[in-house]
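Chemist: Turn this into a structure:
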Amino acid sequence: GASFTYKIDYQPAPGSGTVYSLHGTIPRQQGVPKVAALGCFGVDDDANKDDFVASVMAQNADLIVLSGDQTYLHEHLLYGFFELVYTLRDLLKNVPTIVQMDDHDYGLGNLWGAERSGETSGVGFAKPPCLLNMAQQQALGHLP
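Modeler: Reported below is the predicted structural model:
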């Protein structure tokens, strides 16, 4: 069957002459749907995830689910999400993607409580609401 070709234009400031465009093609699903469930990328110093991306792309997934803990850069959340989007760009641009956020994506390990003695956890969000909202918009803003 036919594929779906898309183009998205984004103008960051109304009335400005600056327009960014993103375009690509989403292939039509063939046979039983394949879902790539990814998450908990862990702490690493290597933003180059080319081998990982190539491995997932070789599976020809029809849907990608990022299931949380996309970044562990608690003090640099925005950078962490930008790094994720940049490193996974070739994978995410043509495959529908669902993004769920978990504790590290909000800048705190064990947001929900780890029940370990001596550990501060389960106390809720430690970051200000404006930062949490920004993290959600950055991570989830492309979803319908």
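
Chemist: Give me the mean pLDDT for the longest helix belonging to the chain.
Modeler: Criterion DSSP state H: the longest helix present in the chain is helix 77-92. Summarised as a single mean, pLDDT over helix 77-92 is 83.

Chemist: could I get the lowest-mean-pLDDT helix or strand in the chain in PDB with only the CA atoms?
Modeler: Lowest by mean pLDDT, DSSP states H and E among the helices and strands of the chain is helix 129-140, with a mean of 78. Extracted in PDB, the C-alpha atoms of helix 129-140 (Å, rounded to 0.1, in the frame of the first residue of the first chain):
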ATOM      1  CA  PRO A 129       6.100  23.700  37.900                       C
ATOM      2  CA  CYS A 130       7.300  25.900  35.100                       C
ATOM      3  CA  LEU A 131      10.300  23.500  34.500                       C
ATOM      4  CA  LEU A 132       8.200  20.400  34.800                       C
ATOM      5  CA  ASN A 133       5.700  21.800  32.300                       C
ATOM      6  CA  MET A 134       8.600  22.700  29.900                       C
ATOM      7  CA  ALA A 135       9.900  19.200  30.200                       C
ATOM      8  CA  GLN A 136       6.500  17.700  29.300                       C
ATOM      9  CA  GLN A 137       6.000  20.100  26.400                       C
ATOM     10  CA  GLN A 138       9.500  19.300  25.100                       C
ATOM     11  CA  ALA A 139       9.000  15.500  25.400                       C
ATOM     12  CA  LEU A 140       5.400  15.200  24.500                       C
END
